[in-house]
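Enquirer: just the structure for this:
(one chain, ligands or ions: 2)
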Amino acid sequence: MVWGSILGWKARSRGASTLLILLKPDATEPVCAEVVQALRALGLSVEEVPLPGRRAWHVVDGPSVPRESLLRIPGIDRVVPLEDVAAPLVHGTLADGPRTISVGNARFGGGHVSVIAGPCTVEGREDMLDTAKLVAAAGAAVLRGGVFKVRTSPHSYQGGGVDALGLLAEAAQETGLPFFTELNDPRQVALVGDTLDGVQIGARHMQNFPLLQEVAQLGKPVLLKRHMAAEVDEWLLAAEYLLDAGNDRVILCERGLKSTGRHVRYMLDLGVIPYLKRRIGLPIVVDPSHAAGHHELVPDLARAAVAAGADGLIVEVHPRPQTTRCDALQALPPDAFATLMADVRQLAAMGGRTVSCSVRAVRAATSSPSAGSSDLNRSVGA
Ligand code: PEP
Ligand code: MN
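Expert: Ligands and ions are numbered 1, 2, ... in the order given. Model (predicted):
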C-alpha cells in the first residue's frame, strides 16, 4: 500500500518534483497534524502514506521550498526526493504479494516454477527440432534459442538471424512450447517482435535503455538478465525502465557475476533470490549454464537455485553438444537434463510449488491411465 500510494503520486506528478517526507518515529498525532498544516501553509499538496513503524509518511509535491526549510519543521525526520528512491515501480510489485507471469502454459512466480531450455544458438533445423522435442519430453515449459548473438569477439559466430528464428518458431510449434529469444537492437523489435512469445534481454544489454523501452512496447514477457557487474539496484532500475514504459511482465534472471578465479565462468549470486523475494513481487529465474560454464557443474547450481526459491531456470541443452558452435562446454546432454527436471519437480514439491510443463505434456499426463502416480501429473497439479 505504501508504494501504491507513492506510485499514484508519481503518476499524478509526472514532470514535477516529488518529495517523500518521513516523520520522526515518535511523532504524535498533534505533531503530525501540525506538520500537515505547516506544509499546506507553504502551498504544498500533501498526502498521507501509511507506513509500518512510523506515525506518518507524507508525500509532498513541490520543488519550490528548500529542503532545509522543510527539515526545520518540528516532527519531520527526513526529506527524500522521489527520484532517489530506487525503482519505485519495481518495489510496488510486491504490494499484492508475489506475482505470477504466464507464457503459454508456463507460469513463473507465485508458487509456480518453470524451466526454459534449449540450445545456446539455433544452428540447424534438425538440431533445433531434436532439442525442442527432448526438452519438452523432459518437462521444460518454454523453449530458448539465440539467433542474434552477442559475442565477445567479432570473429565468433554471430547467430543465424531471421532465418534461424524461423527454425526456432517451427520447433516451438512442433512441440507446443512457447519460445524466447534474445533481442539486442531496438530495430529487431519491429522486425521480429510479433513472432515471439517472450523476449530475452542479455546480460550485456541490461542497460541498453532504448532497447528496453522498445521491447516494453511489445507487451510480452521480458526475461531481464542481470549484467555480470551490476549491483542489485542497477538491475532493478533496468527493470524499472520496462515498467515505466508500461510493461510489468518482467522476469528477472540471475546469471552470475564477474569474480576472481576460473573454476566457474561467473559467480552465481544465489543470495539475491531470498533478498529480492522480500522486496519485490516479480519472478526471479536463474541461469546456471552461463554461471557454471561447464555442464558438470550445471545441475548442482540449478538445484541450489530452486532450493533457494528461484521461480524457474533457463538452461542450455543440446542433443549433440560436441557439434555446437557456441557454449558447447556448458550444454547439458539429454539424460542430464531429464535427471535435472525430475530433481526440480521434487525440490519444488518440497516447497509446495508446482512445475509447469507444455500443454501437450499436461494432456498426455491426464489422459494416461497411470497418470495418477506420475511425477509430471503431480507437478502440474492436473
Ligand atoms: C545466452 O543466454 O545465450 C547468453 C548469451 O546469456 P548472457 O546474456 O547471460 O551472457
Ligand atoms: Mn549461451
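
Enquirer: quickly check: stretch 168-179 near ligand 1 or not.
Expert: No - for stretch 168-179, no contact with ligand 1 is found by CB under 6 Å from any ligand atom; the gap never falls below 12.8 Å. Yep, even glycine has a C-beta here, placed from its N, CA and C like the rest.

Enquirer: just the buried residues of that stretch, please?
Expert: 168-169, 171-172, 175-179 (16 or more other CB atoms under 10 Å).

Enquirer: go on, stretch 198-205?
Expert: Residues of stretch 198-205 classed as buried by neighbour count (16+ other CB under 10 Å): 198-203, 205.

Enquirer: same deal with stretch 321-329?
Expert: 321, 324, 326-327.

Enquirer: can you check stretch 147-155 too?
Expert: Neighbour-count burial for stretch 147-155 flags 147-149 (criterion: 16+ other CB under 10 Å).

Enquirer: so is it next to ligand 2?
Expert: No - figure legend: stretch 147-155 not in contact with ligand 2 (CB under 5 Å from the ion); closest approach 8.1 Å.

Enquirer: Glu231 and Leu276, how far apart?
Expert: Taking CB to CB, to the nearest Å as the measure, Glu231 falls 13 Å from Leu276.

Enquirer: out of these two, which sits in the busier spot?
Expert: Per other CB atoms under 10 Å, whichever of Glu231 and Leu276 has more neighbours is Leu276, with 21 against 12.

Enquirer: any idea of the pLDDT on Ala361?
Expert: pLDDT, the model's per-residue confidence, is 71 for Ala361.

Enquirer: now for whatever helix or strand it lives in, which elements pack on it?
Expert: In the assignment (DSSP states H and E), Ala361 maps to helix 359-367. Applying 3 or more CB pairs under 8 Å, 6 or more residues apart in numbering; DSSP states H and E, one finds that helix 359-367 makes contact with helix 125-138, helix 375-380.

Enquirer: interface residues of the stretch 51-200 of the chain facing ligand 2?
Expert: By CB under 5 Å from the ion, the residues of the stretch 51-200 of the chain that approach ligand 2 are Cys120.

Enquirer: show me where the stretch 51-200 of the chain has strands.
Expert: 57-61, 76-81, 101-103, 106-108, 112-118, 142-144, 179-182, 198-201 (DSSP state E, counting those that start in this stretch).

Enquirer: winner for burial among the ones you listed?
Expert: Here the criterion is mean neighbour count by mean count of other CB atoms under 10 Å, and of the strands of the stretch 51-200 of the chain the winner is strand 142-144, at a mean of 30.

Enquirer: quick one: average pLDDT of that one?
Expert: Rounded mean pLDDT across strand 142-144 is 98.

Enquirer: between the buried residues of stretch 321-329, which is nearest Leu211?
Expert: Comparing the buried residues of stretch 321-329 against Leu211 with CB to CB picks out Cys326 as the nearest, at 21.2 Å.

Enquirer: and Gly8, what's its pLDDT?
Expert: 57.

Enquirer: before we move on, back to that, weakest of the helices and strands packed on helix 359-367 in terms of mean pLDDT?
Expert: Out of the helices and strands packed on helix 359-367, helix 375-380 stands lowest, with a mean of 37 (criterion: mean pLDDT).

Enquirer: so how far is ligand 1 from the residue of the chain found nearest ligand 2?
Expert: Proximity of the chain to ligand 2 (CB to the ion) peaks at Cys120, 3.3 Å away. The gap separating Cys120 from ligand 1 is 5 Å, by CB to the nearest ligand atom, to the nearest Å.

Enquirer: and the closest residue in space to that residue that isn't next to it in sequence, what does it touch?
Expert: In this structure, Cys120 finds its nearest non-sequential neighbour in Asp327, 3.9 Å apart by CB to CB, 6 or more residues apart in numbering. Residues counted as contacts of Asp327 (CB atoms under 8 Å, 6 or more residues apart in numbering) are 120-121, 289-290, 316.

Enquirer: now the buried members of these.
Expert: Counted by 16+ other CB under 10 Å, the contacts of Asp327 give 120-121, 289-290, 316 as buried.

Enquirer: turn those residues into a markdown table, including pLDDT and distance to Gly352.
Expert: Below are the buried ones among the contacts of Asp327 laid out as a markdown table (pLDDT from 0 to 100; distance: CB to CB, whole Å):
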| residue | pLDDT | distance to Gly352 |
| --- | --- | --- |
| Cys120 | 98 | 33 |
| Thr121 | 98 | 37 |
| Ser289 | 98 | 27 |
| His290 | 98 | 29 |
| Glu316 | 98 | 29 |
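
Enquirer: ends of stretch 114-127, what's the gap?
Expert: Stretch 114-127 has its terminal residues 23 Å apart, counting by CA to CA, to the nearest Å.

Enquirer: stretch 318-327 now?
Expert: 10 Å.

Enquirer: so does that stretch get close to ligand 2?
Expert: Yes - counting by CB under 5 Å from the ion, ligand 2 is contacted by stretch 318-327 at Asp327.

Enquirer: what's the local residue count around Lys220?
Expert: 18.

Enquirer: hang on, isn't Leu167 packed against Glu126?
Expert: No - Leu167 sits out of contact with Glu126 when judged by CB atoms under 8 Å, with a separation of 9.5 Å.

Enquirer: and these two? which has more neighbours close in?
Expert: Leu167 (21 against 11).

Enquirer: which ones are touching that one?
Expert: Going by CB under 8 Å, 6+ apart, Leu167 touches 122, 124-125, 128, 145, 160.
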